[in-house]
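> model this:
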Amino acid sequence: MGSIRSAALRSLTAVIVLCVLGGSVVAAQKPQIRKGFWIGFGFGYGSSNVSCDGCGSSNRESGATGFLKMGGTLSEKVLLGGEVNAWTKSTNGVTADLGNVSFAAYYYPQPKSGFFVKGGVGFATTRLHNSGSADANGFGFVAGLGYDIRVGTNISITPVGNFYFGSDGDLKESGTTLETGWKHNVYEFGLGITFH
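Just a heads-up that it's a prediction; the model follows:
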């Protein structure tokens, strides 16, 4: 399994590098125009870690990720919106879902470039489920960077790198506390489509 994960990560990294390198050629044909409403989504690979007061810190686990974002344009350099980030993995019949819902700002240092950095704060959650489910909900934040590669007047291919963290609080099942001080963090590498 380790070699498969390594191969998948290398493949995803190669795709992102090729997209970024090809971005300058495409950008010369499709100018970066940001205005009005925008929406984007994508999928990728994530490495997660969880911890709690009684269980310490886990080993990092790889899993599938997805994201959805939308919002409005404040200026050529600043977009404001909401973003949902999720990580999931099933092991031995138990599925773990980690996620954040954030109010986020996206900053483009050079308006004519597709490069951006972002940051946001909001809600974080963990859900572990098989025949039953245990949940923890609390505060979280997201940070990241990416590059909009214009492939059409209003469409971009967007490789991203994200980090999201959650201080989820107590993990409970049917009102019973299983663990206290639950936290999660995820490093994500993904590829998305953005409609401007």
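> Tell me which stretches of the chain form helices.
2-29 (DSSP state H).
> for it, what are the low-confidence residue spans?
1-29 (pLDDT under 70).
> Spatially central residue (nearest the centroid) of it, please.
N85 (4.3 Å; Cα atoms, centre = their mean).
> gap between that one and N162?
6 Å (Cβ to Cβ, to the nearest Å). Heads up, the C-betas are built off the backbone N, CA and C, glycines and all.
> Also S51?
Distance from S51 to N162, by Cβ to Cβ: 19 Å.
> And for V94?
25 Å.
> Strands of this structure, start to end?
Applying DSSP state E to the chain gives strands spanning 37-52, 56-57, 61-73, 78-91, 94-107, 115-129, 133-147, 149-150, 155-173, 176-195.
> Can you lay out those as TSV showing distance to K30?
Listed next are these as TSV, based on distance: least, Cβ to Cβ, whole Å:
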stretch	distance to K30
strand 37-52	15
strand 56-57	45
strand 61-73	17
strand 78-91	18
strand 94-107	19
strand 115-129	15
strand 133-147	13
strand 149-150	3
strand 155-173	8
strand 176-195	13
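> Correct me if wrong: K77 contacts K112.
No - the criterion here is Cβ atoms under 8 Å, and K77 misses it with K112 at 10.7 Å.
> Looking at the two, which is more packed in?
K77 (14 against 10; other Cβ atoms under 10 Å).
> who touches that one in this structure?
Y107, Y108, P109, P111 (Cβ atoms under 8 Å, 6 or more residues apart in numbering).
> Please report phi then psi for it.
phi -100, psi -20 (degrees, to the nearest 10).
> V94 and N162: who's more crowded?
N162 (22 against 13).
> Enumerate the beta-bridge partners assigned to the more buried one.
G144, E188 (DSSP bridges).
> Which residue, other than its chain neighbours, is closest to G44?
G190 (2.6 Å; Cβ to Cβ, 6 or more residues apart in numbering).
> For N100, see how far away the one you found is.
For G190 relative to N100 (Cβ to Cβ), the value is 14 Å.
> who's more crowded, these two?
N100 (27 against 24).
> circling back: just the buried ones from the contacts of K77?
Y108 (16 or more other Cβ atoms under 10 Å).
> any chance of the contacts of K77 in CSV, with distance to I33 too?
Putting the contacts of K77 into CSV (distance: Cβ to Cβ, whole Å) gives the following:
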residue, distance to I33
Y107, 17
Y108, 12
P109, 17
P111, 9
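> Closest to H184 out of the contacts of K77?
Y107 (25.5 Å; Cβ to Cβ).
> My guess is the closest one contacts S113. True?
No - counting by Cβ under 8 Å, no contact exists between Y107 and S113, whose distance comes to 11.6 Å.
> how far away is the residue of the chain positioned farthest from its centre from A134?
Ranked by distance from the centre of the chain (Cα atoms, centre = their mean), the top residue is T176, with 30.1 Å. Distance of T176 to A134, computed by Cβ to Cβ: 9 Å.
> Do I have it right that I193 meets N154?
No - with contacts counted by Cβ under 8 Å, I193 stays clear of N154, the gap being 11.1 Å.
> That'll do, ta.
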